[in-house]
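S.K.: using only what follows, build the 3D model:
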Amino acid sequence: WAGGVRPVLGTFPIARVSNGHTFFIQKLHDIVGVPPVCVHTTYQYGDGDKYAYGKRERLRDAGLWLVDPASRYTSGSYLQLTSSLARQLSPNKAELLLPALRDEVHCVMAHLKLNALQRQWLQVGFLLAHALGRTLVLPPLWCVVDRFWTILDHCLIGSKVEMSRPFVCPLDHSFDVPAMTAQLPEWREHTFFASQRIAPQLAASTAPVRVGAAVAPDAASSAVPAPAASAPAAALPAVTLPEGATIGEAARLLHFETATVTQADVATVTRPFELTISSDSEVSGFGSWFDTAFEGSPSSPASSPVVLSTEPPLETHWGQQVLLLHPPQLAAAGDLLHGDFTLGRQRENHRLLALRIRLRHTRPATGEEVYPERVIHYRVD
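M.R.: The predicted structure follows:
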């Protein structure tokens, strides 16, 4: 080698020289207890075409984004959400606080419920901050399922991955950060008041704000009223609903005779529905499935009719379709969910479905309307 210089190859300890996942998601440096030397802001899910919003948000969370002016940390009025649905017990251990989340058999269902409640809280947080003329400081956002571009192993990137679950996840794990930046009022990251740049007088000047009566943690989801309408949402891919996931008898919405049905019959259909809740529960969505009866024809009936059913908890490759209800609604045994269901085709692709549900939630025992009427739109892709 020139000048007698000989290169040496080696590997850096990953907790000190981290990639994006080990630093921002696993927080391996906290688990191992070593100070990181550098971190690579690897690919994530929050960057736009013109700016790396997701990377900036992750670095702000970690206190590593130093480009912001000093005025961001020395002035202004803020509203900080302090409630939480989980807590960190140690660097590699955390727990969910609500029994409705802890008792979920599958990590995906726990994650969806957790995510829906956090979205509900953020919605109300932004409204309160706007009403009070303040900037919202986000709470830590928790995840049960990791976000990765390949197959997960029991909701994590590998069976041996070292991290807590649930875990505090970056904003881009659950939200479209470029869309939030463009459409929502300005906010601050959940570590804002822990920043070394924060003005002491700003951090010390606080007053508690409580909306409504105090509630026990088990009833926290009832503290926020449901809005009258919700934004269009994508339906979940087909899943298998486990036994006990449904909380009432099914209602048949559509019936077609395949020998005589026409394209006009199925172009756009609207049907009323009525569902009775069988137990005190949180209604997180609707499950849908199909049955196909092979009965022959009136002129030639089958001697042994066969019914192909995909009703849960049966496991078939069709699975069941889940239509999430956001925010979820608390229901008592005997409550009635009723309204109408409209099924049509998406304008952009007629092979895909568009679904609208007009929902009312009433309590026949008292005659009261439990939640305001709402209309939910879904895209079934």
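S.K.: and the residue nearest to G48 when sequence neighbours are not counted, which of the three is it?
M.R.: Counting by CB to CB, 6 or more residues apart in numbering, P178 is the residue found nearest to G48 once chain neighbours are left out, at 3.6 Å. Bear in mind the C-beta positions are built from the backbone N, C-alpha and C, glycine included. Using DSSP: H, G, I helix; E, B strand; the rest coil, the structure places P178 in helix.
S.K.: quick one, strands of the stretch 251-381 of the chain?
M.R.: 269-276, 281-288, 291-296, 301-309, 321-331, 336-345, 353-363, 368-380 (DSSP state E, counting those that start in this stretch).
S.K.: out of those, which gets the lowest mean score?
M.R.: When these are compared on mean pLDDT, strand 321-331 scores lowest, with a mean of 82.
S.K.: partner strands of that one, parallel or antiparallel?
M.R.: Using DSSP bridges, strand 321-331 pairs in its sheet with strand 281-288 (antiparallel).
S.K.: turn the strands of the stretch 251-381 of the chain into a markdown table, including distance to D68 and mean neighbour count.
M.R.: Below are these laid out as a markdown table (distance: least, CB to CB, whole Å; neighbours: other CB atoms under 10 Å):
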| stretch | distance to D68 | mean neighbour count |
| --- | --- | --- |
| strand 269-276 | 50 | 14 |
| strand 281-288 | 38 | 19 |
| strand 291-296 | 58 | 12 |
| strand 301-309 | 58 | 9 |
| strand 321-331 | 32 | 20 |
| strand 336-345 | 47 | 17 |
| strand 353-363 | 42 | 18 |
| strand 368-380 | 37 | 16 |
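S.K.: any chance of a markdown table for these, columns distance to C38?
M.R.: Shown next, in a markdown table, are these (distance: least, CB to CB, whole Å):
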| stretch | distance to C38 |
| --- | --- |
| strand 269-276 | 55 |
| strand 281-288 | 42 |
| strand 291-296 | 58 |
| strand 301-309 | 56 |
| strand 321-331 | 39 |
| strand 336-345 | 51 |
| strand 353-363 | 48 |
| strand 368-380 | 42 |
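S.K.: check the offset of stretch 156-164 from the chain's centre.
M.R.: 20 Å (CA atoms, centre = their mean, to the nearest Å).
S.K.: using CSV, write out every CA atom in that stretch.
M.R.: Output of stretch 156-164 as CSV, limited to C-alpha atoms (Å, rounded to 0.1, in the frame of the first residue of the first chain):
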residue,chain,number,x,y,z
LEU,A,156,-42.5,-8.0,14.4
ILE,A,157,-39.7,-8.2,11.8
GLY,A,158,-38.3,-11.4,13.3
SER,A,159,-38.8,-13.8,16.1
LYS,A,160,-35.5,-12.9,17.8
VAL,A,161,-35.8,-9.1,17.5
GLU,A,162,-34.9,-7.4,20.7
MET,A,163,-37.5,-4.7,21.6
SER,A,164,-40.5,-4.0,23.7
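S.K.: what's the closest of the strands of the stretch 251-381 of the chain to L136?
M.R.: With CB to CB as the criterion, L136 lies closest to strand 321-331 of the strands of the stretch 251-381 of the chain, at 17.5 Å.
S.K.: hang on, the residue nearest to G48 packs against R56?
M.R.: No - P178 is beyond contact range of R56, at 10.9 Å (criterion: CB atoms under 8 Å).
S.K.: about what we covered before: for the strands of the stretch 251-381 of the chain, which one sits closest to F24?
M.R.: Evaluated over the strands of the stretch 251-381 of the chain, closeness to F24 peaks at strand 321-331, with 26.0 Å, by CB to CB.
S.K.: the closest one to strand 269-276, inter-axis angle?
M.R.: Between strand 321-331 and strand 269-276, the angle comes out at 40 degrees (axes from the mean of the first three to the mean of the last three CA atoms, to 10 degrees).
S.K.: ok so, going back, of all the strands of the stretch 251-381 of the chain, which lies closest to S77?
M.R.: strand 321-331 (27.1 Å).
S.K.: isn't there a helix covering Q120?
M.R.: Yes - Q120: assigned to a helix according to three-state DSSP.
S.K.: what's the nearest residue to it if we skip its chain neighbours?
M.R.: Excluding the flanking residues, the one nearest Q120 by CB to CB, 6+ apart is P327, at 3.8 Å.
S.K.: before we move on, the earlier item: closest one to G20 among the strands of the stretch 251-381 of the chain?
M.R.: G20 lies closest, by CB to CB, to one member of the strands of the stretch 251-381 of the chain: strand 321-331, at 28.5 Å.
S.K.: mind listing what's buried in stretch 151-170?
M.R.: Across stretch 151-170, burial judged by 16 or more other CB atoms under 10 Å covers L156, I157, V161, M163, S164, R165, P166, F167, V168, C169, P170.
S.K.: run through who's touching it.
M.R.: Applying CB atoms under 8 Å, 6 or more residues apart in numbering, the contact partners of stretch 151-170 are 21, 24-28, 31, 44, 46, 54, 57-58, 61, 86, 88-96, 107-108, 111, 114, 140-148, 150, 190.
S.K.: would you write a PyMOL line that selects the buried entries of the residues you listed?
M.R.: Buried subset of the contacts of stretch 151-170, written as a PyMOL selection, criterion 16+ other CB under 10 Å:
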select buried, resi 21+24+25+26+27+28+31+44+46+54+57+58+61+86+88+91+92+94+96+107+108+111+114+140+141+142+143+144+145+146+190
